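Q: Quick one: sequence and predicted model below, then my questions.
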Amino acid sequence: MIPPVKSALLAVCSLLLSNYSFGWANHTLISQGMLESMPEVAQAKQVKVESLENFLLATEEPLVTFLAQEEMWMKQNLFHYDPLPAALAFKATGKIKDIRQRFSHAVRINPNTPLNLYLQLNPGQKVAGRVKLAASQITVYEDNRYLDNINIIELQPGQLVAPLDVVVSANDEPDHGLDIGLYTDSKTEHGKIYGFGEQPFGNPNLDYGTQAPFHMGFYHESEMIFAAGGFLKRTYPEYRIQQFKHLSQFAFEQGHPYWGWRFMGLGLHYVGDFSNPYHVTPVPGNSTASTIWVGLLNIIGLTGPQTDAVQIVSNRHTAIEEFQELVMKKAYIRDDHQHAALLATHNSESVGEYRHAFVVDVFAKGAFDQAGKLDNVILQNMPKKFVADKSIEFSELSERHMLLQKIREHKGQAGINALEDTLAQLLALFSENGKSYVQGILQHSASN
């Protein structure tokens, strides 16, 4: 491949991926229906809430062996993997004071993540006199407005809680800072020692931007894209999906079901990200040839087409997430179980008995195949100002919260229906994949 083509692809993909936002807005919205439709979760007996420190101290010795075996498994099985630095391998000391940090370092999550005991309620669920926590008690972000109007309920050690509620709440938790600041250029102490190197893409200067490579995975691009942009292979959602699956199984085997369910919910988050096409391909709707052309123009000094492409992809990404949150919130508040999005998560079937190859071959591939269709449906049914105007930053528009009204004005109820149907198809993918993931954990735990 000639250097200008490589440079063109590198520039375009890097910029497009710098405008990262969350996979779906509030993952509790997409997981509630799926988990309610699984009797093995919805009807599971209540479990006792347990602090992370108590779980880690009780399982400290077997955890040493387990995490060592995990490291070997990751090296042998992952699409791409940066090995854990030997100095961070988990060691049993019997000391509770630093046990959380030792564990955080060994699994390479942000050690400042609160991991407090709580439930995150969906719209329409009652607080019923329970103690509410502030958003700052569950997230690392100083700007936590994304949790506005979400009720966060405190749990206490020893309290009984339904597994369904534990998994649903944990399903949104990775977006609260679990994967923030993990790179050498993240300007954090943990980033300097975790062994992931410099951030491969995304914007290291944005708080949420540093989590991008852990929530986006590219496995099905053309050989030309990968040859030009090798950094696209340096993604880690597969690592998190497998890691939390195995930790969940370990917790169940060790007799700590609360953490079995919670780790399950954490891993399910990344499975959910893989149902959003914007998280499995850097340029949805664009061919390799068009991507190269935009990049080549940039190299010769015509920067406009690349800047425009970045803005438009970013706006469409943000707009579909805004749409998802608005329609699903409304459905929950109205208790509208016949809504297309809720029906999709309730009525889907598992893709089959879980195998670790599913993460790439099934989970990521399903959304990748839907990328062009989603891009076209957005373009056809959302106001052009929101998704085709290169001079607009959608996330800064006050009108974004009036998105449903603006779509009706632009395309009528038919526009809403087209978008809801497409969203439902993507959420069905998540539900099918998520059920396989959950069943894989529970079946493994039942057999051990």
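A: Perfect, I can see it now.
Q: Could you look up the SS state of L119?
A: strand (DSSP: H, G, I helix; E, B strand; the rest coil).
Q: low-scoring stretches of the stretch 201-350 of the chain, by residue?
A: 203-206, 227-229, 285-310 (pLDDT under 70).
Q: R108 and I193 touch, don't they?
A: No: the pair R108 / I193 is not scored as a contact, 9.4 Å apart, by Cβ atoms under 8 Å. In this view, the C-beta of every residue, glycine as well, is placed from N, C-alpha and C.
Q: Would you mind telling me which of those two has the busier surroundings?
A: Neighbour count, other Cβ atoms under 10 Å: between R108 and I193, R108 has more, with 24 against 14.
Q: which ones are touching the more buried one?
A: Neighbour list for R108: L84, L88, L182, Y194, G195, F196 [criterion: Cβ atoms under 8 Å, 6 or more residues apart in numbering].
Q: Of those residues, which count as buried by neighbour count?
A: L84, L88, L182, Y194, G195, F196 (16 or more other Cβ atoms under 10 Å).
Q: ok, the fourth one - contacts?
A: Taking Cβ under 8 Å, 6+ apart as the contact definition, Y194 lies against P85, L88, H105, R108, L182, Y183.
Q: want to throw those residues into CSV with pLDDT and secondary structure?
A: Compiled in CSV, these are given as follows (pLDDT from 0 to 100; DSSP: H, G, I helix; E, B strand; the rest coil):
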residue, pLDDT, secondary structure
P85, 98, coil
L88, 98, helix
H105, 98, helix
R108, 98, coil
L182, 96, coil
Y183, 95, coil
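Q: could I get those as TSV with distance to G124?
A: Formatted as TSV, the contacts of Y194 follow (distance: Cβ to Cβ, whole Å):
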residue	distance to G124
P85	46
L88	43
H105	39
R108	36
L182	35
Y183	39
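Q: follow-up on the earlier one: looking at the buried ones among the contacts of R108, which is nearest Q380?
A: In terms of Cβ to Cβ, no member of the buried ones among the contacts of R108 lies closer to Q380 than L182, at 38.3 Å.
Q: Relative to Y219, how far out is that closest one?
A: For L182, the distance to Y219 equals 21 Å [Cβ to Cβ, to the nearest Å].
Q: Which helix or strand contains L56?
A: Assessed by DSSP states H and E, L56 sits inside helix 52-58.
Q: Can I get that helix in CSV, CA atoms only?
A: Extracted in CSV, the C-alpha atoms of helix 52-58 (Å, rounded to 0.1, in the frame of the first residue of the first chain):
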residue,chain,number,x,y,z
LEU,A,52,-16.3,-5.5,47.2
GLU,A,53,-13.8,-5.5,50.0
ASN,A,54,-15.6,-8.4,51.8
PHE,A,55,-15.9,-10.4,48.5
LEU,A,56,-12.2,-9.9,47.7
LEU,A,57,-10.9,-10.7,51.2
ALA,A,58,-13.1,-13.9,51.4
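Q: So for it, what gets flagged as buried?
A: For helix 52-58, by 16+ other Cβ under 10 Å, it's L52, N54, F55, L56.
Q: continuing past that helix, what's the next helix or strand?
A: By DSSP H and E, the next helix or strand past helix 52-58 is helix 60-77.
Q: Compile the buried ones among the contacts of R108 into JSON lines and extend it with columns for distance to P282.
A: Listed next are the buried ones among the contacts of R108 as JSON lines, based on distance: Cβ to Cβ, whole Å:
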{"residue": "L84", "distance to P282": "27"}
{"residue": "L88", "distance to P282": "30"}
{"residue": "L182", "distance to P282": "20"}
{"residue": "Y194", "distance to P282": "24"}
{"residue": "G195", "distance to P282": "24"}
{"residue": "F196", "distance to P282": "19"}
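Q: Next, format the buried residues of helix 52-58 as TSV and append distance to I392.
A: Converted to TSV, the buried residues of helix 52-58 look like this (distance: Cβ to Cβ, whole Å):
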residue	distance to I392
L52	43
N54	50
F55	47
L56	48
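Q: So in this protein, which helix runs the longest?
A: Counting by DSSP state H, the longest helix found in the chain is helix 403-446.
Q: what about the closest residue in space to H410 that isn't next to it in sequence, distance to Q413?
A: In space, and not counting its chain neighbours, H410 is closest to P383: 4.6 Å by Cβ to Cβ, 6 or more residues apart in numbering. Going from P383 to Q413 by Cβ to Cβ gives 15 Å.
Q: Need the phi and psi values for G129.
A: phi 80, psi 0 (degrees, to the nearest 10).
Q: still on that earlier bit, shared neighbours, R108 and I193?
A: What both R108 and I193 touch, as defined by Cβ under 8 Å, 6+ apart, is the set L88.
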